[in-house]
Structures are given as C-alpha cells and as structure tokens.
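[1] Pasting a predicted model and its sequence here:
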Amino acid sequence: KSGLTFEDTIVAISTPPGRGGIGIVRLSGPTARAIAEPLLKLRHPLAPAQARFAEILDSTGENPTQVLDEAVVTYYQSPHSYTSEDIVEIAAHGSPVLLDHLLRQCVANGARLAEPGEFTQRAFLSGRLDLTQAEAVRDLIESTTLHQARIAAQQLGGSLSRHIAPIKQQLITLIAALEAGIDFAEDDIDFLPNSQIGAQIEAIQAPLIALEKSFSYGHIVRDGFTMAIVGRPNVGKSSLFNRLIQRDRAIVTATPGTTRDLVTERLSLEGIPFELIDTAGLRQATDEAESIGITKSREVMSEADVVLLVLDATAPPHEDDRATVAALSGRPFVIVLNKQDLAHSAPGAWEQTVQTVETSALTGSGILELRRAILSLIAKKIPAIESAVLTNHRQQQSVSDATGALHRAHQAASANIPHEMILLDLYEGLRALDAFSGSTTSDDLLNLIFSKFCIGK
Ligand code: GDP
Ligand code: ZN
C-alpha cells in the first residue's frame, strides 16, 4: 500500500470545537494549495515547512477583498508532511463562525470534508505510519494521564514496530529455509533437521510471548491500577477517598455502614493512573443490604491491584482487621492508621510486618506519605517506558494469533510432520504479524479503527 495517492483533497477544523485563541483549518491532498490560496492574501508566497502571515478574504461577501481575519499559514510539501500529501494549515483566530466559513470556502473550492481520523488514515495508507503508530496517535490524544501519554508517544515513535521487525525477519528466514528444502525435496535433501526447526520456532516465539504478557500492563496504562479502600465501618474510608481524589465524592457520615454501593473515581499519582474504589465497611453485617455490600467489598478487595486497609488509630486492634490482614497476605497493600489527629495511644502490632502510614483524613496529614507508599508498592509493576507494551485488544489478538500458529508449527515439527504442513502454520504466524502492523488488515477493519478517531486528526 506504500506510495498510494488519493485524488481528492480533504479538509477539517483540526482544533477542538468551541471558541479559542487559535483555530486551525487543515487541508490535505494534491490540490490543498490551489484550494487555500484564493482564500488568502499572502505577502510572501507559500514555501515548504514555513509559516506565512496571511489575511483571510471574505470571497463570498459583496466585497471580495474584505479581510475577515489574520492568520498564519503553513504549507507542507509532499511527501514531507503528516499524511505525506501536500498539507496547508490555516491557523486563524478560534472563532467557530469564522472557522466554519473557512471550511465552507474550502469545500466550495473543491475540498471534501474529512472523515474522523482520515488524516491519520492517509498517513497510514501512504506508509508513513504503521497501524500501531496510528493507534498511538489516538491514544496520545485520548490520554488522561502523563504516563499514558508517555507510552503512546513511545509507540508513536515506532517502539512496537521496531520490536516486531526483527522477530518477523527471523520468521521469514525460517520460512525461506524450509521453502528451499522443499524445492530440493526430490533430491532427498532436508536442509534443516526438525529439532533445529523446533529450536528456531522457540526463539521466534519467546519474545512474542513476552509481548503478549505486556498487554496486562498495557491495560493498566489505559484503565489504571485498581485500588480498593477497605476497612471496618466508620474508620474514615470515604473521607480518605475524598482526600485522595481531592474533592467530595463519597458520602461521609457518622452512621456506620453507609457506603453500600461502590464509589469509583479516577486518580493520577505522579502521572500513573488509578481507579480508586470506596467500599462498604468490612464487618459482620446487621442486615441484608449491608451483607450484599460486604460481599461486594470482599470481591473488589480480592481483585484490586492495590489495597488500602484503613484502621481507626483511636480504637484497639480489631479481630475483623486481623482477618483482613491475613486475607491480604502476599498482596500489595498498605495499612492506613487514620484519625491520627485524635490518637494518643501507640498503634497496634501489625506495622512491624506491613507497610503502615499514619493519616488524618480530617486534616490531610500523612496523605503525601500515603501517596508515596502506594507508588512504591506498584513501582515493580511498571515496566521501563522504553520496553514495548501492547495497548489494545487488536494488537493483543494479532500477537496471540501469531504465537498460536507458531505453537502449532512447533508441535508439527516435533511430530515429524512434513515441512509443507509446518510451513502452513509458519505462514499463518507471518500473516498475524503483518496484521499486527496493519499491512494485511482488511479495509473494513481499518475503517472501523480510524472511525474512532476525532475529526481533524
Ligand atoms: P467510613 O465509614 O469508613 O467510610 O468512614 P467515613 O469517612 O464516613 O467517616 C466516618 C466518621 O469519621 C465521619 O464522621 C468522619 O468525619 C470521621 N473521620 C474520618 N476521618 C477522620 C480523621 O482522620 N479524623 C477525625 N477526627 N475524624 C475522621
Ligand atoms: Zn464510607
């Protein structure tokens, strides 16, 4: 698909809807310049990758020389542009009325309104970005924490493609060797013994299996670590929840057993995303509704990536808490000794073995320490930014298709099945790797992927 060119020129407002200091209308396609130039009064002609001052003319009005706005216009000459086509970007003032007028003028001059993600789709179809990089553009725009943005930027820079390329090359080399063996099969020459084929398949599989596992982390990058706040009623869980998210969301009451439904909220600690969950108090239930809440709390606790067990520092250690500590053994959790502002006695005995932080949800003291403790708990789970991470189901599916096919090829080699049959599975693995980077992805699927982008990107 590389080198593909499109006949039409697309146009969109690339800045978000609404008023702003600047609004950008972007054109991409062979006639981008020809469409834009009649709308502009330029002091100096457009030149590749240079910004030019221009006046925007109201060519539809009674006086076509009437100036509507002042703008900075940048021209990118094919192939040195985002889409690798000619691009003209008109950065005017961010007035929706003006931008809409400009857009209509471009359409009147022959441009077509761009579909969502169409600029990026063109970048992909022209071979400038592969599919993982195109997806990274969307992830970057949609990222809600700095950490997500960092991972997306890494992927946009080609981290996944670079990771896959040598693996694919190894697979192609193996396929070529087997094909050569088959060509000479009449002379009874087997170039590769089956044991060696098996070893080569394993070498190709290993990094793919590691990559497949990275998806569970990619998932965390997108959705965040889940962090459950648990503890007996009235110890200050909801108050702590509100402290951590820095606003009042969970209901705080002096009546025990109030938080019966789960309250969740997104939270970012040093750019790392979390999904914080406030739970009902863990204790012997006094009625059915509370009992349902407690069951739900236990479920959430058992699935959370991190648990904050909140204790009331003014009360003596309770049997319920000992049971919870025992249930959490081996899991990442922090004991939060809350209500320090009221505490006079020394804390209980468990802080010897488990990380403990003293807080007051009321005054906010100790919250900084708590944030640090949480981050140090999950630090081990955060791989280095430079390592490749799968960030969506599509990518994960392609890699798992590839490892599945390689697994079958390996079994076939072990069973001394003819090379022709092993090759079928190896080719299937290769196709899966091609689909991963988008080189064999169907148009329908591509359209679906790009339709999730915003307009103007
Ligand atoms: P939950 O049932 O564990 O969610 O506890 P809440 O957050 O609803 O708090 C129960 C009561 O304890 C409320 O009256 C809070 O104002 C109070 N409380 C919570 N945290 C603190 C704290 O650190 N110090 C003091 N003095 N009171 C607190
Ligand atoms: Zn509560």
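    Everything's here; your move. Numbering: from 1, shown residues only. Ligands and ions are numbered 1, 2, ... in the order given.
[2] which ones are touching the residue in the chain that ligand 1 sits nearest to?
    Taking C-beta to the nearest ligand atom, ligand 1 has its nearest neighbour within the chain at residue 236, 2.9 Å off. For the C-beta atoms, the positions are set from N, CA and C on the backbone; glycine is no exception. Residue 236 makes contacts with 310, 312, 338-339, 361-362, as judged by C-beta atoms under 8 Å, 6 or more residues apart in numbering.
[3] so can I have JSON lines of the residues you listed showing pLDDT and neighbour count?
    Listed next are those as JSON lines, based on pLDDT from 0 to 100; neighbours: other C-beta atoms under 10 Å:
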{"residue": "310", "pLDDT": "95", "neighbour count": "28"}
{"residue": "312", "pLDDT": "93", "neighbour count": "19"}
{"residue": "338", "pLDDT": "96", "neighbour count": "29"}
{"residue": "339", "pLDDT": "95", "neighbour count": "22"}
{"residue": "361", "pLDDT": "95", "neighbour count": "26"}
{"residue": "362", "pLDDT": "94", "neighbour count": "16"}
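[4] would residue 89 count as being in a strand?
    Yes - judged by DSSP: H, G, I helix; E, B strand; the rest coil, residue 89 forms part of a strand.
[5] so which of the contacts of residue 236 are also by ligand 1?
    Subset of the contacts of residue 236 in contact with ligand 1: 338-339, 361-362, counting by C-beta under 6 Å from any ligand atom.
[6] Nearest to ligand 2 among the residues you listed?
    Checking these against ligand 2 with C-beta to the ion, the nearest one is residue 361 at 10.6 Å.
[7] Make sure the closest one is actually in contact with residue 244.
    No - in this structure residue 361 lies outside contact range of residue 244 using C-beta atoms under 8 Å: 9.1 Å.
[8] Common neighbours of these two, please.
    With C-beta under 8 Å, 6+ apart, residue 361 and residue 244 have common neighbours residue 367.
[9] so where is the stretch 101-250 of the chain shaky, pLDDT-wise?
    182-191 (pLDDT under 70).
[10] And the residue of it closest to ligand 2?
    residue 238 (3.2 Å).
[11] That residue is in contact with residue 245, isn't it?
    No - contact criterion C-beta under 8 Å: residue 238 and residue 245 do not qualify, at 10.9 Å.
[12] out of these two, which sits in the more crowded spot?
    Using other C-beta atoms under 10 Å, the more surrounded residue of residue 238 and residue 245 is residue 238, with 24 against 19.
[13] Can you list the buried residues in stretch 320-327?
    For stretch 320-327, burial by neighbour count (16 or more other C-beta atoms under 10 Å) applies to 320-321, 324-325, 327.
[14] filter the residues you listed by proximity to ligand 1?
    Of these, not one also sits near ligand 1 (C-beta under 6 Å from any ligand atom).
[15] As a check, name the ranges of all strands in the stretch 151-300 of the chain.
    Assigned by DSSP state E, counting those that start in this stretch, the stretch 151-300 of the chain shows strands spanning 225-231, 263-269, 272-278.
[16] which of those sits most buried?
    strand 225-231 (a mean of 24; mean count of other C-beta atoms under 10 Å).
[17] what's that strand in contact with?
    Against strand 225-231 from outside (C-beta under 8 Å, 6+ apart): 237, 240-241, 267, 272-279, 281-282, 297, 300-301, 303-311, 321, 324, 336, 374, 378, 381.
[18] Listing partners with orientation, what would you give for that strand?
    strand 272-278 (parallel), strand 306-312 (parallel) (DSSP bridges).
[19] gap between the last one and the chain center?
    Pointing back at strand 306-312 there. Remark: strand 306-312 is offset 29 Å from the chain centroid, using C-alpha atoms, centre = their mean, to the nearest Å.
[20] same thing with stretch 76-87?
    Counting by C-alpha atoms, centre = their mean, stretch 76-87 is centred 27 Å from the centre of its parent chain.
[21] How about that stretch, which residues are buried there?
    Result for stretch 76-87 [16+ other C-beta under 10 Å]: buried residues 76, 78, 81-87.
[22] Just the CA coordinates for that stretch, please, in CSV.
    Only the C-alpha atoms of stretch 76-87 are listed here, as CSV (Å, rounded to 0.1, in the frame of the first residue of the first chain):
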residue,chain,number,x,y,z
TYR,A,76,4.0,21.2,4.0
GLN,A,77,5.1,19.8,0.6
SER,A,78,4.5,16.2,-0.2
PRO,A,79,6.0,13.8,0.9
HIS,A,80,7.3,15.8,3.9
SER,A,81,4.0,16.1,5.8
TYR,A,82,1.9,14.2,8.3
THR,A,83,-0.1,12.5,5.6
SER,A,84,2.8,12.6,3.2
GLU,A,85,0.5,14.6,0.9
ASP,A,86,0.5,18.4,0.4
ILE,A,87,-0.9,19.9,3.5
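[23] Give the rounded mean pLDDT of that stretch.
    Mean pLDDT, computed over stretch 76-87, is 96.
[24] contact partners of that stretch?
    So stretch 76-87 is in contact with 5-6, 26-33, 48-49, 75, 88-89, 119-120, 122-123, 126-128, going by C-beta under 8 Å, 6+ apart.
[25] buried subset of those residues?
    The buried subset of the contacts of stretch 76-87 - by 16+ other C-beta under 10 Å - is 6, 26-29, 31-33, 75, 88-89, 119-120, 122-123, 126, 128.
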